[in-house]
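Q: Quick one, structure for this:
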Amino acid sequence: MTEARWMSIGEFARAARLTVKALRYYDREGLLTPDRVDPGTGYRFYAPTQLAAALRIGLLRRADVSVAAIRAFLSDPAQGSEVLAAERARIERDAARAARSFALVDSLGNAVDADLPVAVHHIDAATVLWRESCAVAETLDEAASEAIGTLLAQARRCGLDESASVVGRYPAALDGEVSFGVGLEIGAGARLDEAVEAQTVTLPGGVFAGVDFTGAPALLPVAYHVLFARLADDGVPVEGPVREYYLADPAVVGEDEMRTRVVHPVPEDYRPGWARS
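A: Predicted coordinates:
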């Protein structure tokens, strides 16, 4: 190939309808490297035969296909249909998540304006089939939902009542990766073998301040805000852990009608100032 047939990065960018910045990025990511780099100046030159690949990469990026998927697509074109099918599924999931987010934004005003009273709850100690997990704040809702699903499947295998109350226990502050747990209450008369009993814990009882909330789990921060603000007004330290009692099955009522009770323990020193429920 003669030097006359090479195209400068600017010429190639115009021909491919890409930016020079994009071409440099594709070079760094190993998607499209220049056909020649001048050793003295460092100038990049491309061959006209690379235009088809550049156009393909540009179109895939405009379709929001990830760089990793494009790299796999280019390295093994025979698997291209599988790679693109997986990316299509991911993009559809992201679109559905975005649609849910917009719906949540629309409903946020009603949730904030709702008059959510803070009540006092006397909760007995309870034995629960327990599962620990961890997540970062951004994925906590999804991780908790997955953990509850795994917990119920475990209860089914153990022959326990899956319709019993489900409770989640979370830290008051969501900083970095946090540990949390979910549990299924076990009736006092239930007979447990040693293997099942080893998977149980006892959640202590006591006096708790709580807020009942109806709505999608992603809107629960509204309930937390109301609860924590009331505790702060009364000088009650907000140290957690916080419990969430799930009062309705989202599979039955739908996510938007999900009912959750968020409760925080009230230390003994602060109980006299609270009205009895």
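Q: For the nearest residue to Ala125 once chain neighbours are set aside, report the pLDDT, please.
A: Leaving aside its sequence neighbours, Ala125 sits nearest to Gly205 (Cβ to Cβ, 6 or more residues apart in numbering; 4.0 Å). Backbone N, C-alpha and C define where each C-beta goes, glycine included. Looking at Gly205, its pLDDT stands at 93.
Q: Can you tell me how far Val136 is from Leu174?
A: Distance of Val136 to Leu174, given as Cβ to Cβ, to the nearest Å: 8 Å.
Q: contact partners of the helix or strand that contains Tyr245?
A: Secondary structure from DSSP states H and E places Tyr245 in strand 242-246. Residues from elsewhere that reach strand 242-246, judged by Cβ atoms under 8 Å, 6 or more residues apart in numbering: 148, 165-172, 203, 208, 220, 224, 258-264.
Q: Return the subset of the residues you listed lying in helices.
A: Ile148, Tyr224 (DSSP state H).
Q: Of the contacts of strand 242-246, grab the buried ones for ChimeraX.
A: This is how ChimeraX selects the buried members of the contacts of strand 242-246, with burial counted by 16 or more other Cβ atoms under 10 Å:
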select :148,166,167,168,169,170,203,208,220,224,258,260,261,262,263,264
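Q: any weak-confidence spans in the protein?
A: Applying pLDDT under 70 to the chain picks out residues 1-4, 80, 97, 99-114, 189, 271-277.
Q: quick one, helices of it?
A: 9-16, 20-28, 51-62, 67-75, 80-113, 140-157, 194-197, 221-233, 250-253.
Q: can you tell which of those is closest to Ala125?
A: helix 194-197 (15.9 Å; Cβ to Cβ).
Q: List the buried residues of that closest one.
A: Going by neighbour count (16+ other Cβ under 10 Å), the buried part of helix 194-197 is Val196.
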